[in-house]
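Trainee: Whatever this is, show me its structure:
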Amino acid sequence: MTVGIDPDEERSMADEAASRSGVPGAMAGYAPDFLSARIAPPELGTGIEHDAFLWDGTEAIPYTHFSLSLSKSRRFARWVAWNIDGASIQRLSRTGLDFRTDPRIPASAQVGNELYAGNRLDRGHLARRADLLWGDPHEAGQANRDSFYYTNIAPQMDDFNQSSQDGVWGRLENALFDGVDVDDLRVSVFAGPVFHDDDRLYRGVPLPREFWKLLAFEDNGTLKTHAFLLTQHLDQLKAVLHLDEFRVYEITVAELEDRTCLRFPAQLHAGDTTTPLESLAFDKREPLATTADIRW
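Mentor: All right, here's what the predicted structure looks like:
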């Protein structure tokens, strides 16, 4: 007699096997059609167009609920794109989940634990772990595991979100849901580090001192986008790492393109309601003191 396996049990077994093997699971990746308006991920602009590591012939490397483009020269992601389904978010623990390199990609193309051991550098998620934990329990669990690949990680100081800025950077998505009636509780997010030629070297790795994030959502059927820049300044790297005060600014999509050398689709430019302030340098503007300062 043949005994059948329950489909849910079979999928759970497959997820567990994928986790043990260290290979990303569902790999659906970022969904451009997640919102009513189709939003493609950014493209690499002039001067960096050949810097993407190609996986299976494409620069967009898929994971569960997110995709990313990995820089060949810096070995960190230039951009990460992910979707949030706020209606089906799961609360899952990170207990027992370890950071690890993506086995689909040569270890030499990723920055791994060799950067973070024995110092104050944290392994900072680019695609926020809590944002990815949606869908059914199996799907959310795989996204939880996938979020810990080093390709989704960038170095941040251990007090990155502890400052007089009231943790603005870590709570942008929460602030959006609190401040706007987001249609269907669905948001698409893009984020990454900003690479500069003079980024400080530590253990042979240039450490990004700026990060960016762009939120796209629909409000009463209208696509809206908001871009943010976080700047931090790493002091001379000696025996101890030091971090000056970091500042978070609202910026335009056009300014974000100039800063990152990325090119964003026209829909994100059209949905940008941020007042252009190109005539003012960032250090001449008022940074966000709390999430209440954001003009959604």
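
Trainee: what pairs with residue 66 across the strands?
Mentor: residue 63, residue 82 (DSSP bridges).

Trainee: Quick check, it in contact with residue 149.
Mentor: No. Residue 66 sits out of contact with residue 149 when judged by CB atoms under 8 Å, with a separation of 10.2 Å. Where you see a C-beta, it was placed from the backbone N, CA and C, and this is true even at glycine.

Trainee: of those two, who's got more company?
Mentor: Regarding residue 66 and residue 149, a neighbour count based on other CB atoms under 10 Å identifies residue 66 as having more, with 27 against 21.

Trainee: correct me, but residue 91 touches residue 133?
Mentor: Yes. Judged on CB under 8 Å, residue 91 makes contact with residue 133 at a distance of 7.4 Å.

Trainee: Count the neighbours of residue 182 for me.
Mentor: Burial of residue 182 is recorded as 18 neighbouring residues (other CB under 10 Å).

Trainee: go on, the one 10 residues further on?
Mentor: The burial metric for residue 192, expressed as a neighbour count using other CB under 10 Å, is 26.

Trainee: when you give positions from now on, start the count at 458
Mentor: With 458 as the first residue, the last one maps to residue 649.

Trainee: Wasn't it part of a helix?
Mentor: No. Following the definition DSSP: H, G, I helix; E, B strand; the rest coil, residue 649 is strand and is not counted among the residues of a helix.

Trainee: how much space is there between it and residue 731?
Mentor: Using CB to CB, to the nearest Å, one gets 19 Å for the distance from residue 649 to residue 731.

Trainee: how many neighbours does residue 595 have?
Mentor: 17.

Trainee: Can you give me the buried ones in whichever strand or helix holds it?
Mentor: Secondary-structure assignment from DSSP states H and E places residue 595 in helix 594-603. Along helix 594-603, these residues count as buried under the neighbour rule (16 or more other CB atoms under 10 Å): 595, 596, 597, 598, 599, 600, 601, 602, 603.

Trainee: pretty sure the fourth one contacts residue 551?
Mentor: No. In this structure, residue 598 is not within contact of residue 551 by CB under 8 Å, at 11.3 Å.

Trainee: ok, so of the buried residues of helix 594-603, who is nearest residue 555?
Mentor: residue 602 (9.6 Å; CB to CB).
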